[in-house]
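Participant: give me the fold of what follows.
(one chain, ligands or ions: 2)
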Amino acid sequence: MIEGHFIVLEGIDGSGTTTQTGRLADALRSRGLPAHTTREPSDGPIGMLIRQVLTGRLVVPGSTGGRAPSWSTMACLFAADRLDHLEAEIHPNLRDGVTVISDRYDASSVAYQSISSGLELDASVIDWIRTVNSRARRPDLTLVLDVPVAEANRRRRQRQGRVEIYDDDELQAALARFYTDIDAFFPTDRIVHIDANRSVDEVAADVLRAVEDLRRLG
Ligand SMILES: Nc1ncnc2c1ncn2[C@@H]1O[C@H](COP(=O)(O)OP(=O)(O)OP(=O)(O)O)[C@@H](O)[C@H]1O
Ligand SMILES: [Mg+2]
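Facilitator: Ligands and ions are numbered 1, 2, ... in the order given. Okay, the predicted model is just below:
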């Protein structure tokens, strides 16, 4: 059995990672290729815990009331979720020859936790986050959806989901800077940037093209 490919979509909030994860899976399945979609935080037990933090349901007691856990606690939770996600869901599918498409992976940890540390792009913070994730399998392909912060904001407002702890304009601008330079932080990964400031169909076509290029390489 030939292993499936492990494909990751990344980008700032509202860039379209969830939309394009679904579109890519549909496109592969319509070509007769088995595909499994997943996301981080995962739907496993640690992922559910993280979602409670993101929505403010789970807090650390502080002197002035509850607050979100620190960036380093969050980095460890995300890393634990990731290893559980790999063991319980990603690896079994890949071994069955299924292409796994994940809406976010460890680049999101490096981006969100390093920026929320207040030490944007600090080398020692980034190195530590990468170290706690060093047992996590590399993706075969990471697709970065590049979109201006203002456009991503507009899409998020339109969607009107729940406000999460990372929903802050300054943080989103810092995230956009990280994703622009992401290749420097993952020099051995295969990373393809997609101009996501276009229609869903146009973006989906480029995403599929990048995956077809990967499949041609084997
Ligand atoms: N290319 C596009 N053009 C216009 N609207 C889009 C495009 N892609 C996605 N949208 C819309 O923008 C909103 C956000 O998209 P989506 O949920 O896929 O983003 P996301 O990156 O997963 O966001 P988050 O990181 O917050 O989960 C949705 O309402 C979606 O329908
Ligand atoms: Mg999403």
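
Participant: which parts of stretch 120-128 are buried?
Facilitator: Buried residues in stretch 120-128, counting neighbours by 16 or more other C-beta atoms under 10 Å, are found at L121, V125, I126, W128. All C-beta atoms are positioned from the backbone trio N, CA, C, and that covers glycine.

Participant: what does stretch 128-146 give?
Facilitator: So, applying 16+ other C-beta under 10 Å, buried residues of stretch 128-146: 128-130, 132-133, 136, 139-146.

Participant: just to revisit the earlier point, next step: the buried residues of stretch 120-128 restricted to helices.
Facilitator: Counting by DSSP state H, the buried residues of stretch 120-128 place V125, I126, W128 in helices.

Participant: can you redo the buried residues of stretch 120-128 as TSV with distance to ligand 1?
Facilitator: Output for the buried residues of stretch 120-128, formatted as TSV (distance: C-beta to the nearest ligand atom, whole Å):
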residue	distance to ligand 1
L121	20
V125	22
I126	21
W128	24
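
Participant: and the gap between the residue nearest to T19 when sequence neighbours are not counted and ligand 1?
Facilitator: Once flanking residues are discounted, T19 sits nearest to V200: 5.9 Å by C-beta to C-beta, 6 or more residues apart in numbering. With distances taken as C-beta to the nearest ligand atom, to the nearest Å, V200 is found 4 Å from ligand 1.

Participant: what do you get for P139?
Facilitator: Going from P139 to ligand 1 by C-beta to the nearest ligand atom gives 17 Å.

Participant: helix/strand/coil for that residue?
Facilitator: Of the three states, P139 takes coil according to DSSP: H, G, I helix; E, B strand; the rest coil.

Participant: next up, the contacts around the residue nearest the centre of the chain.
Facilitator: Closest to where the C-alpha atoms of the chain average out (C-alpha atoms, centre = their mean) is R104, at 1.5 Å. Going by C-beta atoms under 8 Å, 6 or more residues apart in numbering, R104 touches V8, L9, E10, T17, R39, E40.

Participant: strands - which of those residues land there?
Facilitator: Counting by DSSP state E, those place V8, L9, E10, R39 in strands.

Participant: tell me what the first one is bridged to.
Facilitator: When you say that, I think you mean V8. As for beta bridges, V8 partners with S102, T142 under DSSP bridges.
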